[in-house]
Structures are given as structure tokens and as C-alpha cells.
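>>> sharing a model that was predicted from the sequence below.
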Amino acid sequence: MSDKLQRVLQQIDAINQKDPNQEQVDGNSVAKELIYGQRMSSCLAEHWPDASEHLQIAVRAQHVKRWAIARSTYPEGKAGYLTWRKELGKFHAKTAQDIMLENGFSHEDAEQTASIIRKEKLKSNPESQTLEDVACLVFLGYYFAPFAAKHDDEKVISIVQKTWRKMSNEGHNIALSLSLPAHLAQIVERALSSK
């Protein structure tokens, strides 16, 4: 790992450490976006060990300072939600760009990373697609069970189907190798058999 890359990742972590939202991890309270970014990086390193520095930064910065733009500042409903998500993507991309430029990366490198975070050319840019795969895998590995506990099976099946459509074949193969609790594995099986 280059010094520049290490500095950028440390700066992203330092920002995310300030997240007022906390998550319980092994009995400890941890900043929600800090642990999310670290889980994203771990997933990338495990399944895509040769990832470029652009992609390594994009994965860690996927939710950088996410709490700064609250969902409640956008209208209720799907249109409001999608607008919020789009604005978040631009915000995360710009934040990562600024951090990269501060740490000696070129404008071209910073823009390439920002493009990945904005998920531009999702199906034709392998790095944007990998970011999407990593996000889906991290959701399935860490956030699927708590999400499923709050919603009925039909809603969960719908989310699994939507998640599946965003992923590449490689992402599908990795997802199918995940060890899920029996009731969640059954939900995934139902979702994939009826999609």
C-alpha cells in the first residue's frame, strides 16, 4: 500500500469516526460509518485482492460522512429517497476527491475514484460494478439479518431480488457462498426461485 493511499484511508476513517450514529460490535459502541467502511475494505481485500487504489478508496469512502445529509431533509416516498441517494453519492464522491487531492493524487485519479463512487457506467465499468458487488455483499453479510427482522418476508424477498439484479455473476457466486442463518438462506432461495 502506498503512503498516499494509506493517508487517504486514514483520513476517511478519521472523518467517519465522528459519526454520531453508533453500532454495537462485540459489545462495544463503534461509529456506524467507520465500521461500515472497514467492512467494505475487508470484503474487497478478500474477494478482489488486486483492486486498484481508485477502487480501494471508493470502497472505503462509499458512505464517508453519510450522516451530514439526513434522509429527513428530502420528501417522503420513493422519489425523495432516490433524490437523497443521488445527492449522497455526489457528496461522497466530492469528499473523496478532496481528500485525494490533499494527499498528492492527481485530478485524474481523484475524478476516476469519484466516478466509481457515483457508480457511473455501472454495467460497463468493472470498478463501479465491483463497488456495487462489495456493497451488496456487505449488506448480506452484516445488515441483512437486522433488516429482515424488521420487515415481513415479502418485503425482504423483494429487497433480495433488487439487490441480486445489481450484482455481477462474480458477485452472485460469492453471495451464494456466504454462510447465512437457515431462515435467511431460505428467504434468499425463495427470492431467487421466484425472480
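Thanks, I have the structure now.
>>> and the strands in the protein, which stretches?
Using DSSP state E, the strands found in the chain span residues 22-25, 28-31.
>>> export those strands to a markdown table and append columns for distance to A58.
For the C-beta atoms, the positions are set from N, CA and C on the backbone; glycine is no exception. A markdown table is the format used below for the strands of the chain (distance: least, Cβ to Cβ, whole Å):
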| stretch | distance to A58 |
| --- | --- |
| strand 22-25 | 22 |
| strand 28-31 | 20 |
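>>> P75: which of the ones you listed is closest?
P75 sits nearest to strand 22-25 of all the strands of the chain, at 27.3 Å, using Cβ to Cβ.
>>> all helices of the protein, in order?
3-16, 32-47, 53-61, 77-102, 107-117, 126-138, 144-150, 153-166, 169-176, 182-193 (DSSP state H).
>>> pLDDT wise, what is K195 at?
Looking at K195, its pLDDT is 55.
>>> point out where the chain drops to low pLDDT.
Residues of the chain meeting the criterion pLDDT under 70: 195.
>>> 80 instead, please
For the chain, residues meeting the criterion pLDDT under 80 lie at 1, 122-123, 194-195.
>>> center of it, which residue is that?
A135 (3.5 Å; Cα atoms, centre = their mean).
>>> so who does that one touch?
M40, Q62 (Cβ atoms under 8 Å, 6 or more residues apart in numbering).
>>> gap between it and R7?
24 Å (Cβ to Cβ, to the nearest Å).
>>> out of the strands of the chain, nearest to S193?
strand 22-25 (32.4 Å).
>>> please identify the buried residues of that closest one?
E23 (16 or more other Cβ atoms under 10 Å).
>>> quickly run through the sheet partners of it, with directions.
strand 28-31 (antiparallel) (DSSP bridges).
>>> quick one: contacts of the strand it pairs with?
N16, Q17, K18, D19, N21, Q22, E23, Q24.
>>> mind redoing it with 6 Å?
N16, Q17, D19, Q22, E23 (Cβ atoms under 6 Å, 6 or more residues apart in numbering).
>>> and what of stretch 88-106?
Outside stretch 88-106, the residues touching it (Cβ under 6 Å, 6+ apart) are 4, 7-8, 11, 57, 61, 64-65, 69, 110, 113-114, 117-118.
>>> can you give me the end-to-end span of stretch 98-106?
11 Å (Cα to Cα, to the nearest Å).
>>> M40 contacts V59, doesn't it?
Yes - the pair M40 / V59 is scored as a contact, 4.6 Å apart, by Cβ atoms under 6 Å.
>>> between the two, which is the more surrounded one?
V59 (28 against 23; other Cβ atoms under 10 Å).
>>> picking that back up, between the contacts of stretch 88-106, which is nearest D152?
Nearest to D152 among those, with distances taken as Cβ to Cβ, is I69, at 29.1 Å.
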